[in-house]
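Peer 1: what's the 3D shape of this:
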Amino acid sequence: MEIIIVQKQKSNLTFILSRLGREIYEAFYKNYTIKQWGLHPAKLPKEIVGRVPLRFNKDDRYVNEKIQVMPKKGFTSMFKNMINNKNITVSLNTDFKKIKNLVKPKLFTIYTGCPDEYFDYKFGKLDWRSLKFSFKNYKKKYLQDCVQYNFPNEKNYTRSVEIKHVTKQRSNFTVISREYPTSKGDPYYPINTKDNIDKFNKYKKLILKEEKKKVFFEGRLATYRYLNTDQVIERALLLYKKLKKILDDLK
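Peer 2: Presented below is the predicted three-dimensional model:
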């Protein structure tokens, strides 16, 4: 007699409950996720609901990477150094669509904006989550005991951040930023539901055609992926190697 066992795939909610347990899920994760994403955890993909790191030690850092650093003088200084070149021109407050036909790249175009906007929303708009930041100064060396407090249930903001814990400035003043999730504003977080992924896959076919025209899509917005800073840097370096190889092959 042949016995066939069919294992039903875990739902997203079952997946997160299997990692956190009901108590932590109800006390922290559920309402925080609804506030942050505007969706119930059951409607989000596992790539998002599975981002919560779990530890059974005293390591209080958010991510598990062995090496965790930031630029010595901050990201603003780093970006200034990156564009401090006579061959680089920066245009702020400029709509790419308005200059798209005016710019004639000699080699490549690297597009880091939203793919649906690039293709004039041919397959409809992709959904994004944004944030509004509120900053307040305090005449104290520190206001919080650590860099970040999360507010899963109370308050209408998700977290309160005192970045001074990271940057280590010496001052009798400190700044607190509070983050308010919103569906309006600049696109920050791709909402990778099945409908949005299906829509993006249609745009992806157009993106591959654009690559033949030497237009390359990269970054969190252009690839419609939830990428951390280290992942973005790594992908940028890989794209550089790819473009360099194309140039080398032309020589």
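Peer 1: mind giving me the domain ranges of this structure?
Peer 2: Following automatic domain parsing, one finds the domains of the chain at 1-61, 74-126+191-250, 128-182.
Peer 1: Please tabulate those in JSON lines, including the columns distance to residue 68, mean neighbour count and mean pLDDT.
Peer 2: Heads up, the C-betas are built off the backbone N, CA and C, glycines and all. Output for these, formatted as JSON lines (distance: least, C-beta to C-beta, whole Å; neighbours: other C-beta atoms under 10 Å; pLDDT from 0 to 100):
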{"stretch": "domain 1-61", "distance to residue 68": "6", "mean neighbour count": "13", "mean pLDDT": "77"}
{"stretch": "domain 74-126+191-250", "distance to residue 68": "9", "mean neighbour count": "13", "mean pLDDT": "93"}
{"stretch": "domain 128-182", "distance to residue 68": "10", "mean neighbour count": "14", "mean pLDDT": "94"}
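Peer 1: between those domains, which gets nearest to residue 67?
Peer 2: The minimum distance between residue 67 and the domains of the chain falls on domain 74-126+191-250, with 9.1 Å, by C-beta to C-beta.
Peer 1: what's the span of the closest one, first residue to last?
Peer 2: Start-to-end span of domain 74-126+191-250 (C-alpha to C-alpha, to the nearest Å) is 38 Å.
Peer 1: Same question for stretch 141-154.
Peer 2: Terminal residues of stretch 141-154 lie 26 Å apart, using C-alpha to C-alpha.
Peer 1: Give me the contact list for it.
Peer 2: 27-32, 35, 60, 157-166, 171-172, 174, 176 (C-beta atoms under 8 Å, 6 or more residues apart in numbering).
Peer 1: For residue 72, see how far away the closest residue to residue 162 other than its chain neighbours is.
Peer 2: With sequence-adjacent residues excluded and distances taken as C-beta to C-beta, 6 or more residues apart in numbering, residue 162 is closest to residue 144, at 4.5 Å. Distance, residue 144 to residue 72, using C-beta to C-beta, to the nearest Å: 23 Å.
Peer 1: Run through the neighbouring helices and strands of the lengthiest strand in the chain.
Peer 2: Longest strand in the chain, counting residues (DSSP state E): strand 128-138. For strand 128-138, the packing partners by 3 or more C-beta pairs under 8 Å, 6 or more residues apart in numbering; DSSP states H and E come out as strand 174-182, strand 189-190.
Peer 1: Surely residue 172 touches residue 139?
Peer 2: Yes - under the criterion of C-beta atoms under 8 Å, residue 172 makes contact with residue 139 at 6.7 Å.
Peer 1: which helices and strands sit right next to the helix or strand that residue 205 is a member of?
Peer 2: Secondary structure from DSSP states H and E places residue 205 in helix 194-211. Applying 3+ C-beta pairs under 8 Å, 6+ apart, one finds that helix 194-211 makes contact with helix 115-118, strand 215-217.
Peer 1: what's downstream of the shortest one, the next helix or strand?
Peer 2: Right, the one you point to is strand 215-217. The element immediately downstream of strand 215-217 (helix or strand, assigned by DSSP H and E) is helix 229-250.
Peer 1: who does that next one touch, helix- and strand-wise?
Peer 2: Looks like helix 229-250 contacts no helix or strand (3+ C-beta pairs under 8 Å, 6+ apart).
Peer 1: how far off helix 194-211 does it point, in degrees?
Peer 2: 30 degrees (axes from the mean of the first three to the mean of the last three C-alpha atoms, to 10 degrees).
Peer 1: need the contact list for residue 182.
Peer 2: For residue 182, the contact set (C-beta under 8 Å, 6+ apart) comprises 129, 130, 131, 132.
Peer 1: if we go to 10 Å?
Peer 2: Listed by C-beta atoms under 10 Å, 6 or more residues apart in numbering, the contact partners of residue 182 are 38, 129, 130, 131, 132, 188.
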